[in-house]
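S.K.: this one's sequence-less:
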């Protein structure tokens, strides 16, 4: 029937126009973060009435069946998983690099060597005032660089804990927003543009969340409501529908951190928070090693001092006080306090046997070697983690590009769609023209 | 089906990441050229950094060894000079003793010889208390004060310690920086009693001045003892000379090792300028090419044709 011709053409123009609108929306959002390319799904309208026979012609045009979000849940999941790994590795490398700088650039190794060199130079003339003062000052520099290294390490730890705390706050914020999105999703009507916008929002929040923690997600099939679980397969739900649990961080005495979800201990194995936590563990062990080196120097030098006599012939007093890198101090008042001579020697003795004993005790304890081991350990950890980070980074960016290729807007394709739907619109308009012509030719019959 | 395999934002993202990568590579190379060092931090190459630390430590300790060696060298040279002066004095004493042993000279001449010998004794005591480069007694061992003192009778008595300290020269080698006085001044006299050069000269001086019954006999006996004293001193001086040669040998060895260390250091840690510049040029060429191709590709849009 010709009248159907017009209504079919009308449905065609409406569909083409919707498609054009979708296309222009895609173009407008070509660089919007988290925007997933939409396309329109069209379906034929079949008008079947009870009275109509199967052979009769029933054509009713086209209808917009829905707006399709071109997002693949598998690829999105991959982006989240690999993104969490890459974020963990990046945070760990950054933390370890800070630890490395704290112990390397403070020059602890150099100052240990300088102290050894000072003792060796004193051998040439144990009663020489400048040489004795040199030993004392090198000892002071040594204790001060150890102090600085310890406080730099503490500062690195403080920074890492602050960032981890901020990460925890962000996780809680994202969880709250996800719960809100979940509530709206459960109310949105199917395939509406409201629903697609909410789904975009949901996916963006999940991706943001994956930067901080590794999550497991499951989606309700009809509404798209998401359940987020932390801490592996047997973990605890962070977001379940409209309900959230609160993530909290606890700091141990040695500065390492642990996480709980509404009181339940939760293991976080990936994401920035895991990286910070791993770095803090490394910072704690580096700090313990540095303390051990400082304690070694203090006990070795003081024990050797006690076995000898100073320049004035008095029994040697300790040169250093303290038990660790942070509280190590040079306590001798002047260079005369260095006990170079053995017990029983008089004032101004040039007998260096106690100095020799101190040097051999120090070279047996080998603080320079221990410091080298410490530096080597931390720097090779950084070098190794850097390789891991680069690998994880390239995996994550591959996953992102794969998702983008599918879900992102391709302007060339949109340009083609623009032309195509414009032509479709014009064709439908042409159909209307034809219908009018048919009418006119019938009406023109006299 | 997409026309190109990727979306517009992914294309820009990838181009940005690639160019950023190239740029940071070029900057790293530039930093290596600017500083002359391959490693900016240990983690760039942990093994090399550890080796560089060890080499730096050896270098530092070797500097102290060099300073110690030059101190020992100075002390031994001073000791050598003082011993030469002592030898001159002993030879003069021998001449005087030979004159005094002559029966034809008068008592007043002997007294004059005795007075000169007394002067020589004073010189020897002064020389035996010579100072080293640190201001300590050269021949006093580890003594805090003088090497020789004078007792109530005006005789020289050794007040130093029996041993002289060793100075390490590096590589486990060490050298004794001087010699305690008794080692080259004391000897056993012709009658088999322990004696020393200064005591011999002092005794002869006293004998010649106070008019002993047999001054020529005393002078002849002293002549023999002085010869032994001179021999002992010369032996000591030879030992000092050997030690000086030993220091020179270890100095040469230290310089060789230092050169080896520096070669290794520059092999491990220094920038190879030719390679680095070539790599930098390559990186810059690639960067330019990718910038040019990015501009071309980004300019290709279908919207221009609509």
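M.R.: The structure has been received and is ready for your questions. Since the structure is predicted, the reported quantities are computational estimates derived from the model, not experimental observations.

S.K.: And chain B, is whichever strand or helix holds residue A:427 touching that?
M.R.: Using DSSP states H and E, residue A:427 falls within helix A:411-443. Yes: Helix A:411-443 reaches chain B (C-beta under 8 Å from any C-beta of the partner chain) through A:411, A:412, A:413, A:415, A:416, A:418, A:419. Quick note: C-beta positions are derived from backbone N, CA and C, even for glycine.

S.K.: What helices and strands are in contact with that helix?
M.R.: Packing contacts for helix A:411-443, counted by 3 or more C-beta pairs under 8 Å, 6 or more residues apart in numbering or on different chains; DSSP states H and E, involve helix A:2-28.

S.K.: Buried residues of the helix it packs on, list them for me.
M.R.: A:5-9, A:11-20, A:22-23, A:25-27 (16 or more other C-beta atoms under 10 Å in any protein chain shown).

S.K.: try stretch B:244-264
M.R.: Using 16+ other C-beta under 10 Å as the test for burial, stretch B:244-264 gives B:244, B:246, B:247, B:250, B:251, B:254, B:261.

S.K.: of all the residues in the stretch 51-200 of chain B, which ones are close to chain A?
M.R.: Counting by C-beta under 8 Å from any C-beta, the residues of the stretch 51-200 of chain B near chain A are B:53-54, B:56-57, B:60-61, B:63-65, B:67-68, B:71-72, B:134, B:136, B:142-144, B:161, B:165, B:167-168.

S.K.: Could you pick out the buried ones from these?
M.R.: Looks like these have B:53-54, B:56-57, B:61, B:63-65, B:68, B:71-72, B:134, B:136, B:142-144, B:161, B:165, B:167-168 buried, using 16+ other C-beta under 10 Å.

S.K.: which residue does chain B bring closest to chain A?
M.R.: residue B:7 (2.8 Å; C-beta to the nearest C-beta).

S.K.: Report the closest residue of chain A relative to chain B.
M.R.: residue A:408 (2.8 Å).

S.K.: now the residue lying closest to that residue once chain neighbours are set aside: how far from residue A:414?
M.R.: Spatially, and ignoring its direct neighbours in sequence, residue A:408 is nearest to residue B:7 (2.8 Å; C-beta to C-beta, 6 or more residues apart in numbering or on different chains). Using C-beta to C-beta, to the nearest Å, residue B:7 is found at 10 Å from residue A:414.

S.K.: Partner strands of the helix or strand of chain B with the lowest mean pLDDT and their direction?
M.R.: Using mean pLDDT, DSSP states H and E, the weakest-scoring helix or strand in chain B turns out to be strand B:166-170, at a mean of 83. With DSSP bridges as the test, strand B:166-170 is paired with strand B:173-176 (antiparallel).

S.K.: Enumerate every residue touching the residue of chain B closest to chain A.
M.R.: Shown in contact with residue B:7 (C-beta atoms under 8 Å, 6 or more residues apart in numbering or on different chains): A:37, A:404, A:405, A:407, A:408, A:409, A:410.

S.K.: Tell me which residues touch residue A:196, please.
M.R.: The contact partners of residue A:196, by C-beta under 8 Å, 6+ apart, come to A:36, A:38, A:67, A:69.

S.K.: Please repeat the previous calculation with a cut-off of 6 Å.
M.R.: A:67, A:69 (C-beta atoms under 6 Å, 6 or more residues apart in numbering or on different chains).

S.K.: And the pLDDT for it?
M.R.: Per-residue pLDDT puts residue A:196 at 83.

S.K.: That one sits in which helix or strand?
M.R.: Using DSSP H and E, residue A:196 falls within helix A:193-212.

S.K.: so after that helix, what's the next helix or strand?
M.R.: Following helix A:193-212 in sequence order, the next helix or strand is strand A:215-219 (DSSP H and E).

S.K.: Note down every partner strand of that next one and its orientation.
M.R.: The pairing partners recorded for strand A:215-219 under DSSP bridges are strand A:226-230 (antiparallel).

S.K.: so what does the next helix or strand after the partner strand touch, helix or strand wise?
M.R.: Next along the chain after strand A:226-230, taking DSSP H and E as the criterion, comes strand A:236-240. Under the contact criterion of 3 or more C-beta pairs under 6 Å, 6 or more residues apart in numbering or on different chains; DSSP states H and E, strand A:236-240 touches helix A:129-187, strand A:226-230.

S.K.: cutoff 10 Å now
M.R.: Using 3 or more C-beta pairs under 10 Å, 6 or more residues apart in numbering or on different chains; DSSP states H and E, the elements in contact with strand A:236-240 are helix A:129-187, helix A:193-212, strand A:215-219, strand A:226-230, strand A:243-244, strand A:257-261, strand A:264-266.

S.K.: Turn those into a markdown table, including distance to residue B:212.
M.R.: Below are these laid out as a markdown table (distance: least, C-beta to C-beta, whole Å):
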| stretch | distance to residue B:212 |
| --- | --- |
| helix A:129-187 | 51 |
| helix A:193-212 | 108 |
| strand A:215-219 | 114 |
| strand A:226-230 | 112 |
| strand A:243-244 | 119 |
| strand A:257-261 | 98 |
| strand A:264-266 | 106 |
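
S.K.: Among the ones you listed, which comes closest to residue A:276?
M.R.: helix A:129-187 (4.1 Å; C-beta to C-beta).

S.K.: Just give me the neighbour total for the nearest residue to residue A:44 once chain neighbours are set aside.
M.R.: The spatially closest residue to residue A:44, leaving aside those adjacent along the chain, is residue A:62, at 6.0 Å (C-beta to C-beta, 6+ apart). Around residue A:62 there are 18 other residues, counting by other C-beta atoms under 10 Å in any protein chain shown.

S.K.: For residue A:62, give me phi and psi.
M.R.: Phi and psi for residue A:62, reported as degrees, to the nearest 10, are phi -130, psi 150.
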